[in-house]
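Engineer: with the sequence up front, the predicted model follows.
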Amino acid sequence: MFLRAVDPSRPASWSAAVADLLSSGDPVAALAVFAAALRANPAALRPALPPAFRAAAAATSLAAGRQLHLLALRSGLFPSDPFSASALLHMYHHCRHPSDARKAFDEIPSPNPVIITAMASGYARNSLFYPSLALFRALLVSGSATAVDEAAALVAFSASARVSDRGITSSLHALIAKIGLDVDAGVVNTMLDAYAKGGGRDLGAARKVFDTMDKDVVSWNSMIALYAQNGLSAEALRLYGNMLNVGGGIRCNAVTFSAVLLACAHAGTIQTGKRIHNQVVRMGLEENVYVGTSVVDMYSKCGRVEMARKAFEKIKEKNVLSWSALITGYGMHGHGQQALDIFDEMRRSGQNPNYITFISVLAACSHAGLLDKGRYWYKTMKKKFGIEPGVEHLGCMVDLLGRAGCLDEAYGLIKEMKIKPDAAIWGALLSACRIHKKVELAEISAKRLFELDATNSGYYVLLSNIYAEAGLWKDVERMRLMVKARGIEKPPGYSSVELKGKTHVFYVGDKIHPQHKEIYSYLGKLLETIQEAGYVPNTSSVLHDLDEEEKESAVRIHSEKLAVAFALMNQVPGSIIHVIKNLRVCSDCHTAIKFISRISGREIIVRDLQRFHHFKDGSCSCGDYW
DNA sequence: TTAGGGTTAG
């Protein structure tokens, strides 16, 4: 351990030794040196007390802190010495005793800005945002705008990002503007974050701040990340383009890439994703664990697991997120056994799984129908890894068991669970009830679902289909009326296809696309061709208030069919077709695309809400199990 | 005294 030579006669030498030990990460040793200092030379108390308080704070040792407090009182350094006073407050806040800090603060006759800032920061650290804001406000109103105020503003904004109270950020913002406090990009970036993550969750306000500020890399990265994290992929990608073009020479870095790759993953834009990956490689950032994991995730979610695997190998220090991303990737593509092999590899490498890893593992089992493996890991996660299954794990299990026909076991799991089951769990059970035609259990699940989320049309449709398949037409009619009475609308399904870097979106039966006439006539011929090859339209996924003929025409123009037709017309012959669908792919489209893949000799990859379908030579990678 | 941005599930 480094310890500079102490000259016992010089008090400053002792305080330097305490501070050195503290900054080298050994607060306990720092406190020991402090004690030795006092024995050797009582005059060392004054300079060494503040670093000693900081050492107690770093060690979160309340007992040591209280002793120091006593010492400060007896020697008269508290409350007269401002350095000791601010360090004392800092100590109490760090030890999570803000009320003791407050008592001490009230004993200080006229606290200076440093002391007030310490107090305000401490409050913020303990999530006591209102008292922090009050002090911050008082500080700004009373004094001149100084560097201390700026530090306090930073703390205040970062706290307001974590507090669910709309208005706090804007009131702080207004206060700063009114005072004319000159804040740097660091503070404004924190403000931007506070607008977007705080109570209001106001991305528009964040964007306004962003547009008017002097931007640095962090500003661009923050705004891009905020869009990406909130699912606004197109905005994130557009902003990334702006950064490159008009960013004023600001170079993107690893953080930019991990944020923008998230947007690609979400949007499924393989072409843009590849371009950005190339850039990552050129800049030598493949080994970076954040960037690398984002690349893995991007390729997985854009349909290229083998590319994801290659990118994974390049990551120098893989962490639990990297492994989980890869497991998820294999799982989404229906490669359950490979996902489990990666999971084995992960454990052999010494990496411990976490809560999310087990979601990935169980989801992989569920997508591939690996019933016993799923049961095993569900039990083992707690037994061997001490991770208590949560709603997400239960959801995977209900899905897995339900589809395999073990409905009683699935229902049993739900009932024995301590956590309140969410809509995803009851939804999984309801879907299973449809597959296995269990009307009674379907009604139980649907009842729960309507309580949890009465506006989701999907559940009504499912239940209605279950009734229809059981020939319970009166109940079908009852459902239809219920949907009508409650004013529930089906969210529009859409599919998208990327062509030359541009994303084309198709809605059911939409006529917005400039090529729509050609697309419809092409699709018409295509459907005729596959009907000759044996395809029979299946209309069971359409709401039952249409007659058969209407149903058939509704199914004919489903968005995924439009998207596939568009891609076949426009893409380079032989290239892989990628379609992204915002809902679960319907069973008629699933059948049709299998035929299309055979007739056209093309590979078609469809990403739906939860997984991938690779259509090739007339069959699908999901094995019709989805 | 204080110090801004990123990756894994559903």
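Structural biologist: Structure's in. What do you need?
Engineer: can you give me the distance of residue A:69 to DNA strand B?
Structural biologist: Taking C-beta to the nearest atom of the strand, to the nearest Å as the measure, residue A:69 falls 14 Å from DNA strand B. Quick note: C-beta positions are derived from backbone N, CA and C, even for glycine.
Engineer: does that residue really touch residue A:85, like I thought?
Structural biologist: No - assessed by C-beta atoms under 8 Å, residue A:69 is found out of contact with residue A:85, at 10.7 Å.
Engineer: and the two? Which one has more around it.
Structural biologist: Per other C-beta atoms under 10 Å, whichever of residue A:69 and residue A:85 has more neighbours is residue A:85, with 26 against 20.
Engineer: and the more buried one, that one's in a helix?
Structural biologist: Yes - counting by DSSP: H, G, I helix; E, B strand; the rest coil, residue A:85 is found in a helix.
Engineer: isn't it up against residue A:108?
Structural biologist: Yes - applying C-beta under 8 Å, one finds residue A:85 in contact with residue A:108, separated by 5.5 Å.
Engineer: can you give me the strands for chain A?
Structural biologist: Under the criterion DSSP state E, chain A carries strands at the ranges A:494-499, A:502-507, A:577-581, A:604-607, A:612-616, A:619-620.
Engineer: quick check: which of these is buried the most?
Structural biologist: Counting by mean count of other C-beta atoms under 10 Å, strand A:577-581 has the highest mean neighbour count of the strands of chain A, with a mean of 25.
Engineer: what pairs with that one, parallel or antiparallel?
Structural biologist: strand A:494-499 (antiparallel), strand A:604-607 (parallel) (DSSP bridges).
Engineer: for residue A:250, which of these is the nearest?
Structural biologist: Residue A:250 sits nearest to strand A:494-499 of all the strands paired with strand A:577-581, at 27.4 Å, using C-beta to C-beta.
Engineer: distance check, the nearest residue to residue A:255 once chain neighbours are set aside against residue A:278.
Structural biologist: Nearest residue to residue A:255, sequence neighbours excluded (C-beta to C-beta, 6 or more residues apart in numbering): residue A:221, at 4.5 Å. Distance, residue A:221 to residue A:278, using C-beta to C-beta, to the nearest Å: 20 Å.
Engineer: check residue A:572 too.
Structural biologist: In terms of C-beta to C-beta, residue A:572 sits 19 Å off from residue A:278.
Engineer: and these two? Which one has more around it.
Structural biologist: Set residue A:572 next to residue A:278 and count neighbours by other C-beta under 10 Å: residue A:278 wins out with 10 against 6.
Engineer: before we move on, the earlier item: what do residue A:85 and residue A:108 both touch?
Structural biologist: In terms of C-beta atoms under 8 Å, 6 or more residues apart in numbering, residue A:85 and residue A:108 are both contacted by the residues A:79, A:115.
Engineer: and residue A:42, how many residues sit next to it?
Structural biologist: 11.
Engineer: average pLDDT across stretch A:170-178?
Structural biologist: In this model, stretch A:170-178 has an average pLDDT of 84.
Engineer: show the pLDDT at residue A:548.
Structural biologist: The model reports residue A:548 with a pLDDT of 57.
Engineer: residue contacts, residue A:589?
Structural biologist: When contacts are counted by C-beta under 8 Å, 6+ apart, residue A:589 touches A:555, A:558, A:560, A:561.
Engineer: ok, and the closest non-adjacent residue to the first one?
Structural biologist: So that's residue A:555. Excluding its sequence neighbours, the residue lying closest to residue A:555 (C-beta to C-beta, 6+ apart) is residue A:588, at 4.9 Å.
Engineer: go ahead and confirm the one you found touches residue A:530.
Structural biologist: No - counting by C-beta under 8 Å, residue A:588 sits too far from residue A:530 to count as a contact (11.5 Å).
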